[in-house]
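For reference, the sequence and a predicted model appear below.
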Protein chains: 2
Amino acid sequence: MVQVESNTNAWLHRPDQPLRTREEGPLKGLRFAVKDNIDVQTWPTTAACPAFERTAPAHATVVQRLLDAGATLDGKTNLDQFACGLNGTRSPYGPVPNAFDPTLVSGGSSSGSAVVVARGEVDFSLGTDTAGSGRVPAGLNNIVGLKPSRGLISAHGVLPAAQSLDCVSIFARTVGLAARVFAQAVAHDPQDPYSRELPLVTTPWPAGFRFGVPDDLSACDAPSRAAFERAIEQLKAQGGTPITFDYQPFAEIADLLYESALVAERYAAIRRFFDEHEADVIEPVHGIVGRGRAYSAADWCEAQVRLQALSQRARAAWKGMDVMVVPTMPIHASIADMQADPVALNRRLGAYTNFVNLLDYAALSVPTGLRSDALPFGVTLIAAAGMDWPLIELGQRLHHASGLTQGATGEALPPPEPLPLHEEPRVRVAVVG
Amino acid sequence: MVQVESNTNAWLHRPDQPLRTREEGPLKGLRFAVKDNIDVQTWPTTAACPAFERTAPAHATVVQRLLDAGATLDGKTNLDQFACGLNGTRSPYGPVPNAFDPTLVSGGSSSGSAVVVARGEVDFSLGTDTAGSGRVPAGLNNIVGLKPSRGLISAHGVLPAAQSLDCVSIFARTVGLAARVFAQAVAHDPQDPYSRELPLVTTPWPAGFRFGVPDDLSACDAPSRAAFERAIEQLKAQGGTPITFDYQPFAEIADLLYESALVAERYAAIRRFFDEHEADVIEPVHGIVGRGRAYSAADWCEAQVRLQALSQRARAAWKGMDVMVVPTMPIHASIADMQADPVALNRRLGAYTNFVNLLDYAALSVPTGLRSDALPFGVTLIAAAGMDWPLIELGQRLHHASGLTQGATGEALPPPEPLPLHEEPRVRVAVVG
């Protein structure tokens, strides 16, 4: 039976003996945690649903890779049930409070993984990100959330949320450490149907890069809006030129994730369990997953056509920019408010995240400052799949120029880390026709 | 009302005045036909279903581009109804006979478009290809069938068959002419949801290229098998080294197209018409499309996972080869036999085609010789999306070394045409991680 530590509800399984299988390796000396939808051999996997609990037969591929790289696994963390949610309160093991203010939500669905990093209990952690679960809790807790391109990190041994969109994500207090973990985690894995061999661009953006800023910030409260405007100035100080883009197609794409047949992929992920144990799934997760059951395959095809049509409009926005910058989340919210209005307030938290995986983008959430109320704020840098390293390069510069300390620890940021980027000529591919 | 020319059933609409809108252009002087699921303004579009007939409000984007390039449009051609079939007999306007033997099937679904090219009635034509409809009739009629990478040629104004997979295809009697048409046809079109801006490789394969040969040729009859073995020798004469690969995952992927929830995309394509006019759809098209109605969106998601898992196995085959070579079709079939066994025999015709679009490959069918019974035979060269030009370069060499004449005309092949390929260094993309 899973035992929850009562202070933060962040850990679901934390054995007395951490798991370490190699003494040496590039991640030697680093401690980490994994979200409890990621398998660790002989440990329970609950996905925050006690009735779902099962003992994992093997390590998830990514866990195996990090252990092989010398990292030490401390335990498993709480989440919004079945990774469905962005707020950190949708768990029968209790809500995970924000590392800066225990009355506020931590964000989710990777709630525990974000908070144990923010509090300095581990060096890094793994989350998963389908709609923003690897970014929102990073922003809310003053840490870094790397949501790599789809298919770069194997999801074999990870319980799917919406399998074609799921990404294993990385939380750390610095971009440099997230990048070191990323470099060890990435590998094509034929056991994961959606794993890809994706060429990664290793050239940073030019000094005078152009960054896209959404023309609709109406989801933001006043402190977040002011903090975002400061972040734009910080990006200008890094050499960037802001370009305003039409956010409308991105907002419409975001809506498709839950308001169309695409929600059926969440039902498909746990179909057999859900059909047999429907009463064991908490609200509003039950309602969201259950809606997926009613759609037909033709409905799915029509939703995909709609997604692709919107994607054509989204593409047009990229003509003018190298990288997109959005607020990671537009508000902070109290646990009480979230529990009183669990769907609408959750949707608002995802105002700038839901479209990313649907459009096959990579994303990196980095802290850029504290709001006027001293709560964390961060932005997400977004670019096409394969642009993970340029995002990391820019994100590290932005973070280290922020003057922030690490997570909720109060410790100063260490120096930026060297990254494997090169000032090469850009990819040479001729377009003919 | 559509009037069918009785001799070949190949034309469905052939006005006295061909359509020409520009006197000049790179396709000046060339006459073409389009499959009757492609819109031409003010002309009827039937998709070979009289109850579906409607007057097109505008030219399909690809028609507009070819007219703009100076080509002359002669008319519209017969097809397997709703582009569902590979054999050319599934039309209420009558079966289209093979250009070499009127007792044999022409292949489909782009039956009329292939035959009017083979007979020399036009210079080139447009088909569509979802499961092989742009390749099988090319092989059966001794012409070239270019099935470009998905999304290169706009399908705006083309009635979908299975929209995420559909490709507008090109028939011609030479690879060089198909390539000239291709160069004019390709353009990103935001009006087509599935249109892509895909970088095209313009470097040919090295002189000592490796070509994959399936280990399972059991679908072939003896004359096709012998002809395929000669084609392997012809490819060796072009500098290639044959590599045998495991065909099993490709065969399983092929089965998914009709034997899983993926068939629902055919229903989605004509959903409203089908629901209101079910009785107007002929068998076996009606049965195939109708099966798509019963699947749920979750079924679709599960079929996609299965497809992706098989794709991982298919990917392994590419470690050893640059280009894949398969028989375009394993048999010839009589119209009588096809009508007697319309599903199983059709499936056999597609033994080497169905997997291609599901795996996002480009393909080019080229004639390589006549079988021992003097009937046409061809092979399909297959590579990843974006490799269209290397396929064209190799295909032109292979075709011109065959000693064949053009289509069913008896005319000698003209000299090979210059192509826009360059011996550049290959694409430079670093893979990190």
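Yes, it's here. Numbers count the residues shown, from 1 in each chain, chains lettered A, B, ... in the order given.

so where is chain A shaky, pLDDT-wise?
A:1-6, A:424-433 (pLDDT under 70).

what's near enough to touch the residue nearest the centre of it?
Among the residues of chain A, the one closest to the centroid is A:Gly134, at 1.5 Å (CA atoms, centre = their mean). Contact analysis of A:Gly134 by CB atoms under 8 Å, 6 or more residues apart in numbering or on different chains lists A:110, A:127-128, A:145-147, A:167, A:169-171, A:365. All C-beta spots, glycine's among them, are computed from the backbone N, C-alpha and C.

any idea how far B:Thr21 is from it?
A:Gly134 sits 53 Å away from B:Thr21 when distances are taken as CB to CB, to the nearest Å.

Out of the contacts of A:Gly134, name the two that are farthest from one another.
Across those, no pair lies farther apart than A:Thr128 and A:Ser365, at 14.4 Å, counting by CB to CB.

between the contacts of A:Gly134, which is closest to B:Tyr361?
Lowest distance from B:Tyr361 to the contacts of A:Gly134 (CB to CB) belongs to A:Cys167, with 25.8 Å.

Chain A: helices as residue ranges?
A:61-68, A:111-118, A:136-140, A:175-185, A:222-237, A:248-259, A:264-269, A:271-276, A:285-291, A:297-317, A:335-340, A:344-349, A:355-358, A:388-400 (DSSP state H).

My guess is A:Val105 contacts A:Ser91. True?
No - A:Val105 sits out of contact with A:Ser91 when judged by CB atoms under 8 Å, with a separation of 11.5 Å.

joint contacts of those two?
Jointly contacting A:Val105 and A:Ser91 under the rule CB under 8 Å, 6+ apart are A:Ser111.

which of the two has more neighbours?
The neighbour comparison of A:Val105 against A:Ser91 (other CB atoms under 10 Å in any protein chain shown) goes to A:Val105, with 32 against 27.

That one bridge partners, please.
Beta-bridge pairing of A:Val105 under DSSP bridges involves A:Pro97.

What about A:Pro206, how many residues nearby?
Residues lying near A:Pro206 (other CB under 10 Å) number 11.

for chain B, what are the nearby residues on the stretch 251-400 of chain A?
Within reach of chain B by CB under 8 Å from any CB of the partner chain, the stretch 251-400 of chain A has these residues: A:261, A:264-265, A:267-269, A:271, A:292-293, A:295-302, A:304-309, A:311-313, A:315-316, A:389.

ok, back up a step: what sits against the closest residue to the residue nearest to the centre of chain A other than its chain neighbours?
Excluding the flanking residues, the one nearest A:Gly134 by CB to CB, 6 or more residues apart in numbering or on different chains is A:Ser169, at 2.7 Å. Contacts for A:Ser169 (CB under 8 Å, 6+ apart) come out as A:110, A:126-129, A:133-135, A:145-148.

And those, which is closest to chain B?
Set against chain B, the nearest of the contacts of A:Ser169 by CB to the nearest CB is A:Pro148 (9.1 Å).

Confirm for me that that closest one is in contact with A:Asp360.
No - applying CB under 8 Å as the test, A:Pro148 and A:Asp360 come out as separate, 11.6 Å apart.

who's more crowded, those two?
Ranked by neighbour count (other CB under 10 Å), A:Pro148 and A:Asp360 place A:Pro148 first, with 28 against 16.

Okay, A:Tyr380 and chain B: tell me how far apart.
Residue A:380: Thr, not Tyr. According to CB to the nearest CB, to the nearest Å, A:Thr380 stands 21 Å off from chain B.

can you pull the contacts of that residue?
A:135, A:139, A:325-328, A:352-353, A:356, A:363-366.

ok, now A:Gly127?
A:35, A:79, A:109-110, A:113-114, A:133-134, A:137, A:145, A:168-171.

Same check on A:Gln163?
By CB under 8 Å, 6+ apart, the neighbours of A:Gln163 are A:155, A:193-194, A:265, A:268-269, B:301, B:305.
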